[in-house]
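Undergrad: quick one: sequence plus predicted model below, questions after.
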Amino acid sequence: MSLEKTTAAFLKRHCEEKYEPSLSACVEHVIAAYRRSVEIGAVSDQVTAYYDSLSPREQAEEAAWGVVGEAALNEEKTAKISRVRNGKRR
């Protein structure tokens with residue numbers, strides 16, 4: 001594989017900044033990060049397509065469940081804060 005000089009220089013600087021053991025390891029990490037971002041984008045697109053396909057009634061139902069879920073999470077967060085303040089970790 002051949003790279004432009006500016007790309008090779010970028011990779012070398014990136015590897016040094018990240019303390020990578022080798023250029024190959026650095027390239028593997030860069031590719032893995034890019035792959036994850038592509039996969040996350042694909043999942044995001046699928047989720048968007050799903051919600052866009054819902055009828056207004058289904059959207060309202062999903063929104064209501066979201067409110068219920070958010071309330072439960074807030075309750076748990078409040079309880080956890082209270083436990084920590086009272087010296088109990090769990």
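TA: Ah, there it is.

Undergrad: quickly find the element holding the residue nearest in space to the middle of the chain.
TA: Centroid-nearest residue in the chain: Ile40, 7.2 Å away (criterion: CA atoms, centre = their mean). Ile40 belongs to helix 23-53 when elements are defined using DSSP states H and E.

Undergrad: from the chain's centre, how far out does that helix sit?
TA: 9 Å (CA atoms, centre = their mean, to the nearest Å).

Undergrad: quick one: distance of the helix or strand just after that helix to the chain centre.
TA: As assigned by DSSP H and E, the chain's next helix or strand after helix 23-53 is helix 56-85. Centre-to-centre, helix 56-85 and its host chain are 20 Å apart (CA atoms, centre = their mean).

Undergrad: mean confidence (pLDDT) on helix 56-85, please.
TA: The pLDDT scores in helix 56-85 average 92.

Undergrad: and if you look at stretch 42-52?
TA: Mean predicted lDDT for stretch 42-52 stands at 96.

Undergrad: and stretch 1-19, by the same measure?
TA: On average, stretch 1-19 scores 89.

Undergrad: may I see the buried residues of that stretch?
TA: Judged by neighbour count (16 or more other CB atoms under 10 Å), stretch 1-19 contains these buried residues: 11, 15. Placement of C-beta: from N, CA and C, glycine included.
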